[in-house]
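> my questions concern the predicted model and sequence given below.
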Amino acid sequence: MNKRQWNKKIENIRRKIQRSKNRQRRNRDVYTGRARRIALWVIQIATAVALAFLLVAAFGIRITCGGMSMDPTVADGEGVLVNRVAYLFSDPQPDDVIVFTSEGAVDGAPNIKRVVGVPGDTIEISGGSLYVNGERYSDVADTQSMEYAGRAATEITLGENEYFVLGDNRNNSEDSRYQSVGNVTSDEIEGKVWLKLSLSDFGLVR
């Protein structure tokens with residue numbers, strides 16, 4: 001074998017070694033890229049779960065609706081999330097669904113009802129319909145004509161920090177029409193209901 005043939009053979013060997021190194025480098029880059037993508041995906045999932053947990057822990061509580069007073073908006077036994085900071089910087093508004101505990105409640109159980117009157121409003125129930133400030137109230141929920149007016153059979157003027165609440169199931173709800181509940185004060189309000197947790201009816205509360 002002459003010198004030229006020898007050099008050619010060495011060059012072929014060198015090229016084979018270089019190609020092998022290039023394949024190994026490409027395989028290593030592919031593996032590293034996949035590992036990085038998997039690690040990034042795991043980090044994103046873990047971050048989302050941790051953030052959701054922190055948001056619920058800091059801003060919400062989970063309670064279960066007891067009774068049928070809020071049908072069909074919130075069903076009996078359905079779990080909901082309550083935003084506990086919703087009213088730190090703003091006041092409850094008409095149509096908000098709130099959680100409150102009446103000071104006179106014997107068992108201290110929280111109630112879920114809808115706000116229909118805010119401080120300064122006049123409330124009256126006549127002919128089965130609700131009137132706020134002399135105008136017939138337009139419900140966002142599908143409600144019934146009320147068979148019982150209770151305290152609101154005569155006009156009620158809400159004082160400072162007082163709210164009038166009704167259940168969406170108007171004829172099966174103990175609410176501000178009853179002396180046992182009366183006008184709800186801001187001190188009794190625990191937060192705003194914002195999410196239903198039922199698998200069959202999961203979604204925002206409106």
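Structure's in. What do you need?
> drop to CA atoms for contacts and neighbour counts, all remaining ones
Will do.
> mind checking pLDDT for A46?
We have a pLDDT of 82 for A46.
> quick one: what helix or strand has it in it?
helix 3-59 (DSSP states H and E).
> got the CA positions of the following helix or strand past that helix in CSV?
Helices and strands here follow DSSP H and E; after helix 3-59, the next one along the chain is strand 60-64. What follows is strand 60-64, C-alpha atoms only, in CSV (Å, rounded to 0.1, in the frame of the first residue of the first chain):
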residue,chain,number,x,y,z
GLY,A,60,-62.4,31.2,48.3
ILE,A,61,-64.2,28.8,50.5
ARG,A,62,-66.2,25.8,49.4
ILE,A,63,-69.6,25.3,50.9
THR,A,64,-72.6,23.1,50.1
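> contacts for strand 60-64?
Contact with strand 60-64 is made by 77-85, as judged by C-alpha atoms under 8 Å, 6 or more residues apart in numbering.
> hmm, try it at 10 Å
Strand 60-64 is contacted from outside by 53-54, 56, 74-86, 99, 110-112, 190-197, using C-alpha atoms under 10 Å, 6 or more residues apart in numbering.
> of these, buried ones?
Buried subset of those (neighbour count, 16 or more other C-alpha atoms under 10 Å): 56, 74-75, 78-84, 86, 99, 110-112, 190-197.
> how distant is stretch 91-104 from the center of its chain?
Stretch 91-104 sits 16 Å away from the centroid of its parent chain (C-alpha atoms, centre = their mean, to the nearest Å).
> can you give me the buried ones in that stretch?
Applying 16+ other C-alpha under 10 Å to stretch 91-104 flags 92-102 as buried.
> low-confidence bits of the protein, can you list those?
1-12, 16, 18, 20-22, 26-31, 33, 52-60, 104-108, 199 (pLDDT under 70).
> now with 80, please.
Residues of the chain meeting the criterion pLDDT under 80: 1-35, 48-60, 103-109, 142, 198-203, 206.
> show me what contacts R206?
73-74, 95-97, 114, 140-141, 193-195.
> tell me the one of those nearest G66?
Relative to G66, the closest of the contacts of R206 is V74; by C-alpha to C-alpha it sits at 9.6 Å.
> ok, of the contacts of R206, which one's closest to A46?
Once C-alpha to C-alpha is applied, the member of the contacts of R206 that ends up nearest A46 is L195, at 22.4 Å.
> hang on, that closest one in a strand?
Yes. Membership of L195 in a strand is supported by DSSP: H, G, I helix; E, B strand; the rest coil.
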